[in-house]
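Visitor: test case, fold it:
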Amino acid sequence: MTTQRIEERKARDRQARRAQIIRAARQVAESEGWSNVTVRRLSDEISYSQPVLYSHFENREGIVAAVAIEGFQELGLALEKARLRGKRRNPVEAVASGYLEFATASPAIYEAMFSLSLSVPFGDPATPPELRFAFSQILELFPEQSTKSETLSELFWASLHGIVELTRTKRFPPKRQKERLRALVEVFSFAIDKMAQVEKSQ
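Guide: Numbers count the residues shown, from 1 in each chain. Next comes the predicted model:
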């Protein structure tokens, strides 16, 4: 076996171990909560020594960040699918529904993405592409490429996140979720229509 093939195999093995660590962290978080996700626990779960885990991640926070970044990629794909599917009716409604469905189906991942302390930069040149991809699916809803589009996208995202968190913490009664979603869609659909009208008149 050539030196290049040996190095390629080592790289594949390393990548596979990294994915295994992330997968184990997700599984423990989903079943028992993030407080039980420790380097020691993950070491037991995947049958590797703690030094092996530390060779992939500097600390527990690094593992949580990796899970969060993976979650943003999955959220972005879910929103992209929803947006394209909703083009014929209402893409705003489709994206909003897709966002809430993702948060409901993956609460532990969503918590890592938005509630746990992360060293991952947001809204910065160093922001990972997975985060940019997820946000771009919301930005695509607004026709005018400007700071106003970005601001409205941020407000739309903030509204969805607020609904998720206030429902999760039982501040919002679940029985009115459809009504909330409908009202949110009406507000932002109106904003998009107004932006389109202004753009046409220019």
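Visitor: does Glu58 belong to a helix, a strand or coil?
Guide: What DSSP: H, G, I helix; E, B strand; the rest coil gives for Glu58 is coil.
Visitor: any idea how far it lies from Ala65?
Guide: 10 Å (CB to CB, to the nearest Å). Where C-beta positions appear, they are placed from N, C-alpha and C, glycine not excepted.
Visitor: who has more neighbours out of the two?
Guide: Taking other CB atoms under 10 Å, Glu58 and Ala65 do not tie; Ala65 has more neighbours (21 against 11).
Visitor: residue contacts, that one?
Guide: Contacts for Ala65 were tallied using CB atoms under 8 Å, 6 or more residues apart in numbering; they are Leu118, Ser119, Val120.
Visitor: so who does Gly33 touch?
Guide: Shown in contact with Gly33 (CB under 8 Å, 6+ apart): Ala108.
Visitor: cool, Val92 as well?
Guide: Counting by CB under 8 Å, 6+ apart, Val92 makes contact with Gly86, Leu141, Phe156, Val185, Phe188, Ser189, Ile192.
Visitor: work out for me the element it sits within.
Guide: Taking DSSP states H and E as the definition, one finds Val92 inside helix 91-105.
Visitor: where do the helices of this protein begin and end?
Guide: Under the criterion DSSP state H, the chain contains helices at 3-32, 39-46, 50-56, 60-85, 91-105, 107-114, 129-139, 147-168, 177-201.
Visitor: how near is the closest residue to Gln73 other than its chain neighbours to Asn90?
Guide: Nearest residue to Gln73, sequence neighbours excluded (CB to CB, 6 or more residues apart in numbering): Glu130, at 4.2 Å. Distance, Glu130 to Asn90, using CB to CB: 26 Å.
Visitor: okay, the two: which has more neighbours?
Guide: Ranked by neighbour count (other CB under 10 Å), Glu130 and Asn90 place Glu130 first, with 19 against 15.
Visitor: isn't the more buried one up against Ala66?
Guide: No. Glu130 is not in contact with Ala66 according to CB atoms under 8 Å; the separation is 10.5 Å.
Visitor: residues in contact with stretch 98-112?
Guide: With contact meaning CB under 8 Å, 6+ apart, stretch 98-112 is reached by 26, 29-30, 33-34, 64, 67-68, 70-71, 74-75, 78-79, 81-83, 118, 160, 163-164, 168, 177, 181.
Visitor: need the contact list for the residue nearest in space to the middle of the chain.
Guide: Nearest to the geometric centre of the chain sits Phe72, at 2.7 Å (CA atoms, centre = their mean). Listed by CB under 8 Å, 6+ apart, the contact partners of Phe72 are Met113, Pro128, Glu130, Leu131, Phe133, Ala134.
Visitor: circling back to that earlier point, buried subset of the contacts of Ala65?
Guide: Buried residues within the contacts of Ala65, counting neighbours by 16 or more other CB atoms under 10 Å: Leu118, Val120.
Visitor: mind putting the contacts of Ala65 in TSV, pLDDT and distance to Ala105 included?
Guide: Below are these laid out as TSV (pLDDT from 0 to 100; distance: CB to CB, whole Å):
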residue	pLDDT	distance to Ala105
Leu118	85	21
Ser119	83	26
Val120	88	22
